[in-house]
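Enquirer: A predicted structure for the sequence below; I have some questions about it.
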Amino acid sequence: MKIKILTLFPNMLEGILKESILKRAIEKGVCSVELIDMRQYSLDKHHHVDDTPYGGGAGMVLACDVVDRAITAHRTAQSFKILMTPQGRPFQQTIAKELASKEELILICGHYEGFDERIRSYVDDEISIGDYVLTGGELAAAVICDSVIRLLDNAIRKESSEDDSFSDGLLEYPQYTRPVEYKGCTVPEVLLNGNHKLIREFRLKESLRKTILRRPDLLKNRNLTKEEERLLSMLQAELAADKNNA
Ligand code: 6GU
């Protein structure tokens with residue numbers, strides 16, 4: 001996969017591509033990430049990329065001609081072009097999976113107070129990473145890159161991403177490593193005795209517990225298996241009993 005990021009601040013993204021899993025994925029050739037400074041597509045002798053808004057008002061607006069030239073110079077027949085904007089589709093794991101199947105992504109980062117509305121017609125999709133305001137799309141593009149690249153074949157062990165929170169609609173079960181006891185807190189017994197059937201059931205139950213306690217909204221839109229239904233009723237009985245004892 002090829003990811004191209006059109007930005008006015010390429011340095012904001014450089015660091016995250018040079019560390020850890022993303023760095024290794026790029027070195028292994030799992031994907032390539034190209035940072036493109038949109039300023040080079042300004043025809044203005046001072047390389048301006050923004051201007052004051054028609055109709056007046058505060059702030060500067062990213063100009064459509066600069067973005068158009070940058071996209072035109074870098075798109076191919078395979079490009080899926082995404083505008084990073086708080087007005088876009090709320091990003092989630094299902095969208096990360098969708099994007100991971102594309103051959104090429106172009107992420108366009110606005111900055112300043114806004115961008116010319118005509119830019120919307122140059123892209124295939126618009127994505128927001130949540131209901132809060134960032135100063136620009138760069139951090140959002142970093143989030144997209146990270147979540148998409150780790151899903152690509154050979155970026156990480158396949159089982160690691162299959163167990164992710166959200167990947168099957170539940171939060172991930174709790175994990176432990178050595179020591180078996182630390183400051184009086186111990187690792188659940190079932191994880192120590194190597195009974196894989198019991199361990200699997202424990203993990204599914206704890207996934208359900210986390211999800212119902214922290215994100216009950218995730219369970220509403222999900223069809224439960226017979227086993228999950230059984231574990232969930234057990235859990236609900238336990239939680240009700242806990243409540244009565246408290
Ligand atoms: Cl994609 N851009 C900006 N500027 N702010 C955001 C965002 C994107 N997603 C959430 N907030």
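Expert: Sure, I can see it. Residues are numbered from 1 along each chain as shown.
Enquirer: tell me the helices and strands packed up against the top strand by length along the chain.
Expert: The strand that spans the most residues within the chain, counting by DSSP state E, is strand 79-90. The elements that strand 79-90 packs onto, with contact taken as 3 or more CB pairs under 8 Å, 6 or more residues apart in numbering; DSSP states H and E, are helix 93-100, strand 104-109, strand 125-128, helix 138-149. Placement of C-beta: from N, CA and C, glycine included.
Enquirer: and the helix or strand just after the longest one, average pLDDT?
Expert: Yep, that's helix 138-149 we're talking about. Going down the chain from helix 138-149, the next helix or strand is helix 158-162, by DSSP states H and E. The average pLDDT within helix 158-162 is 83.
Enquirer: in the least confident helix or strand in the chain by mean pLDDT, what counts as buried?
Expert: The weakest-scoring helix or strand in the chain, judged by mean pLDDT, DSSP states H and E, is helix 158-162 (a mean of 83). Across helix 158-162, burial judged by 16 or more other CB atoms under 10 Å covers S161.
Enquirer: right, and D164 touches Q93 too?
Expert: Yes: here D164 reaches Q93: they are 7.3 Å apart, a contact under CB atoms under 8 Å.
Enquirer: just give the number of residues close to F202.
Expert: Residues near F202, counting by other CB atoms under 10 Å, number 18.
Enquirer: report the secondary structure state of I16.
Expert: helix (DSSP: H, G, I helix; E, B strand; the rest coil).
Enquirer: what's the closest non-adjacent residue to it?
Expert: Excluding the flanking residues, the one nearest I16 by CB to CB, 6 or more residues apart in numbering is A142, at 5.1 Å.
Enquirer: L219: how many residues sit nearby?
Expert: 15.
Enquirer: residues in contact with it?
Expert: Neighbouring residues of L219 by CB atoms under 8 Å, 6 or more residues apart in numbering: 170, 208, 211-212.
Enquirer: just the ones of those in helices?
Expert: Residues of the contacts of L219 located in helices (DSSP state H): 208, 211-212.
Enquirer: which of those residues lies closest to H48?
Expert: Taking CB to CB as the measure, H48 lies nearest T211 of the ones in helices among the contacts of L219, at 49.6 Å.
Enquirer: and the closest one, how many neighbours?
Expert: Using other CB under 10 Å, T211 is surrounded by 23 other residues.
Enquirer: pretty sure it contacts L218?
Expert: Yes: T211 is within contact range of L218, at 5.4 Å (criterion: CB under 8 Å).
Enquirer: mind listing the shared neighbours of these two?
Expert: Common neighbours of T211 and L218 (CB under 8 Å, 6+ apart) are 170-171.
Enquirer: next one: stretch 40-47 to chain centre, how far?
Expert: A distance of 33 Å separates the centroid of the chain from that of stretch 40-47, by CA atoms, centre = their mean, to the nearest Å.
Enquirer: many thanks, we can stop here.
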